[in-house]
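Chemist: Sequence first, then the predicted structure:
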Amino acid sequence: MTGLENGKPPLLDVRDLSVTFGAFAAVKNVSFTLQPGEILGIVGESGSGKSVTCRAVMRLLAAGASAQGSVALDGRDLLALGEDELCAIRGRDIGMIFQNPASHLDPLRRIGQQVAAPMIRHLGISKREGWQRAVRLLDDVGIREPEKRARSYPHEFSGGMKQRAMIAYAIGCQPKLLIADEPTTALDVTVQARILQLLKELNRKTGLAMILISHDLGVVADICSRVVVMRGGEVVEQGPIDEVINRPSHPYTKLLIDSQPGRRTYGTTATAGGSAPLLDIARLSVTFGAGRSLLGGIGGDHSFRALDGIDLTINAGETVGIVGESGSGKSTLARSIVRLNTPSGGTIRVDGQDVGTLAGDALTAFRRRVQMVFQNPYDSLNPRLTIAEAVAEPIWRHGLADRQTARKQADALLETVELPRSLRDRKPRQLSGGQCQRVGLARALALKPQLLIADEITSALDVTTQAQILELLVRLQRERALTLLYISHDLSVVSSLCQRVYVFKAGRIVEQGVASEVLTTPQNPYTQALVASLARLPTERTAPHSQSVSHHAT
Amino acid sequence: MIDTPVLAQAMPSFRKPMPTMLVALAILGGWLALALAAPVIAPYDPDAIDIMNMLSPPSALHWFGTDQVGRDVFSRVLFASRVDLLLCVAGVLPPLLIGTTIGLLSGYFGGVVDNVFMRIYDLTVAFPFFVLVLAIVGVLGPGLLNFILALTLVGWVSYARLVRAQVLTIRESEYIQAAKCLGYRPVAILGHHVLPNAIGPVIAYAVSDAVLVMLAGASFGFLGMGAQPPLAEWGVMIADGQAFVQQAWWICLFPGLAAISLGLGFALLGDGLGQIQRRGVTA
């Protein structure tokens, strides 16, 4: 390994760090070291204690928490420092960037002022000098027209630009260590790839040591040289990235690697000869908000075209995926199919029937044929109903059975989605996200639909949970001969699950075709960018990624 | 990502006893018991005039003394609690029911219905609450029934506004989208999915509204526009006794204390319900 071999003292040495919230131990005896110039990844699922560990290093823990052990930065124990000394270190020696850049930037101050603030505070430079350095930093992190942009407010920045500004903010004082807590999780994949590239460059050019916290093993493998795998507050495995990924020793690490989307294909097969299309969408357009201002029309046309001339067909028994980043219109399409919003043009036909004209009994019949599972596991279930009630409700409301029988059928459905019987009287709040998503699936299946639309159903879940849900979905698809429309921002998930893929961008289809072909030989430049930005696990690696640079570039 | 341990930690706090709630329930329960048992407990007929015992101070015979025509203040305070408790219920329930219904429809369906109701709301809140109620009672004529009618006419808007705001957020939630998608009828969605999730803050508000109604009832009784003498009502009793407050403080003091304690009970209950509501949100 690059950092370890030359026997330098580590930059950061965490020994037997434990953090407890009352009786709950969030982090148990965690030890790791970080060499100067190294990028260390900490991987784990939600609740694994990875964020708490880094907050303990920064001494940013909530009031109720207590930390034991030792955290030495250049030989100084951070846990023993007083508040004054800490303030001199935070922002000066250690910079931090967070998951949601929007909530960590002050909406009322200009970006340039915010980037300059820590330098003025720690380096004692003038405001003018601070501003000039801020502009240079913004330039360094790849923001175009930095002089003009420094005068902007955070709301004028996109998510990716805000994260760049946060990075500029964090590296202004040339810290020795940058802690990045899920820095790309809230961003689209193509933006994520560019931010990771930026972090890599910073490391290479200035020798900045980094700790990258992520739930995404792919992201960590992309830029880190060493990785620490955490689970339930403990370190289960650590080592050089190639070794951990190619020869994982702990079963959990193996599970984590196997759960990575794109590591496997689920082998959904198109049942029945795809002759007549089940779903046929022609020239569909959806327009939002025709800007009803008080003065009427003076402000001009503010309407926003969410979908613009979409043509799409799905044959019975097919599994079709839709991929796109946020704002590409993929959810709008799903909502239009189930009539949660009204198209402004075009037609949606299910088995030749125009969905838009359905009413009364025909609409009820349509509801039984087409069902949808939603994105947010908790929000998609009424918090006041038990899960058995939630699953039984569609059955008796549609008069398919009386309430008693419906409850029995609901039990059977919960079994189908592999939920233990003991959970049936729980409320959604008492379940995990993955369990809630299973309930959502069971509820959608209660009406025995032909077409099931799954809108980002795994995007709020951990990777191992995601893998389980996908497996369940595939089994259900096979057993019930479902036609599946799977919507996701994650190209690797979609391509491992679906036979055909549509790629959406800004309300239009930019590419369509057989999943494996789109993934391997993308035609459209946007799809190519999307494929290139997939942070996939390497199979074998030769060159080390981050290098030790012995001095701070100034 | 969703952190389950945090949720699990928050759950036990649900079972912690809440002192405010206990005190509130004790006060309200006490008054309810006294009101129900008034005929049994009261030592005298509340309306019986006793010329021989006018303005006698508190004693073993008359615990709270007697008023200017010799009626027993203790008995009158007890009987008045029936009127005032009833007034709270009658003054809160009609605006609650009407306001909640309108708020549900207006928030869920939006459009023209919503616009019309919101303009009526704007008109109503343009006037101070008491002034508007006074004006309506002035037109309809004094009396308890007209007072309650006036309260309903003015009071529903607060409930409608509160419910509407709740519904606006709830109707965007995915479980409502899912319910629409599953083909449930609007009535079923409103009654089974929207209302139960919107009603919490409404109940908490209704309880604090009861304080306002009770004070309004007493004030209007005092002004001679609510309950009419000789009916025993705390506000009326205070109004009656104010001419004698120099010689006989007890005529005003005891009904006043009664009104304050009941008001406090409702206020604490509202506070407690609000706390439970907030815990429910964070848990």
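Modeler: Cool, the structure landed.
Chemist: In three-state terms, label B:A248 for me.
Modeler: What DSSP: H, G, I helix; E, B strand; the rest coil gives for B:A248 is coil.
Chemist: the helices in the stretch 51-200 of chain A, which residues?
Modeler: For the stretch 51-200 of chain A, applying DSSP state H, counting those that start in this stretch gives helices covering A:83-89, A:111-123, A:127-140, A:146-150, A:159-171, A:189-206.
Chemist: helices or strands next to the last one in the packing?
Modeler: Contact here means 3 or more Cβ pairs under 8 Å, 6 or more residues apart in numbering or on different chains; DSSP states H and E; on that basis helix A:189-206 packs against strand A:39-43, helix A:159-171, strand A:209-214, helix A:217-223, helix A:525-532. (Glycine included, C-beta is placed from N, CA and C.)
Chemist: Point out the one among the ones you listed that comes closest to chain B.
Modeler: For the helices and strands packed on helix A:189-206, the distance to chain B is smallest for strand A:209-214, at 10.9 Å, taking Cβ to the nearest Cβ.
Chemist: The closest one to strand A:39-43, inter-axis angle?
Modeler: Interaxial angle, strand A:209-214 versus strand A:39-43 (axes from the mean of the first three to the mean of the last three Cα atoms, to 10 degrees): 20 degrees.
Chemist: could you redo the helices and strands packed on helix A:189-206 as JSON lines and give each row mean pLDDT, mean neighbour count and distance to chain B?
Modeler: Formatted as JSON lines, the helices and strands packed on helix A:189-206 follow (pLDDT from 0 to 100; neighbours: other Cβ atoms under 10 Å in any protein chain shown; distance: least, Cβ to the nearest Cβ, whole Å):
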{"stretch": "strand A:39-43", "mean pLDDT": "93", "mean neighbour count": "28", "distance to chain B": "13"}
{"stretch": "helix A:159-171", "mean pLDDT": "88", "mean neighbour count": "25", "distance to chain B": "17"}
{"stretch": "strand A:209-214", "mean pLDDT": "92", "mean neighbour count": "26", "distance to chain B": "11"}
{"stretch": "helix A:217-223", "mean pLDDT": "87", "mean neighbour count": "24", "distance to chain B": "14"}
{"stretch": "helix A:525-532", "mean pLDDT": "89", "mean neighbour count": "17", "distance to chain B": "23"}
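Chemist: now those as JSON lines including distance to B:F64?
Modeler: What follows is these, written out as JSON lines (distance: least, Cβ to Cβ, whole Å):
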{"stretch": "strand A:39-43", "distance to B:F64": "73"}
{"stretch": "helix A:159-171", "distance to B:F64": "69"}
{"stretch": "strand A:209-214", "distance to B:F64": "70"}
{"stretch": "helix A:217-223", "distance to B:F64": "77"}
{"stretch": "helix A:525-532", "distance to B:F64": "83"}
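Chemist: So for A:C87, which of the ones you listed sits nearest?
Modeler: When the helices and strands packed on helix A:189-206 are compared by Cβ to Cβ, helix A:159-171 sits nearest A:C87, at 15.7 Å.
Chemist: So the residue in the stretch 401-550 of chain A that chain B sits nearest to versus B:L190, what's the distance?
Modeler: Residue of the stretch 401-550 of chain A nearest chain B, by Cβ to the nearest Cβ: A:G433 (4.6 Å). For A:G433, the distance to B:L190 (Cβ to Cβ, to the nearest Å) stands at 28 Å.
Chemist: And for A:L217?
Modeler: 45 Å.
Chemist: follow-up on the earlier one: among the helices of the stretch 51-200 of chain A, show me which one is buried the most.
Modeler: helix A:159-171 (a mean of 25; mean count of other Cβ atoms under 10 Å in any protein chain shown).
Chemist: who touches that helix?
Modeler: A:91, A:95-98, A:101-102, A:104-105, A:111, A:114-115, A:117-118, A:134, A:137-138, A:140-143, A:149, A:154, A:157, A:178, A:183-184, A:186-188, A:191, A:194-195, A:198-199, A:202, A:206, A:208 (Cβ atoms under 8 Å, 6 or more residues apart in numbering or on different chains).
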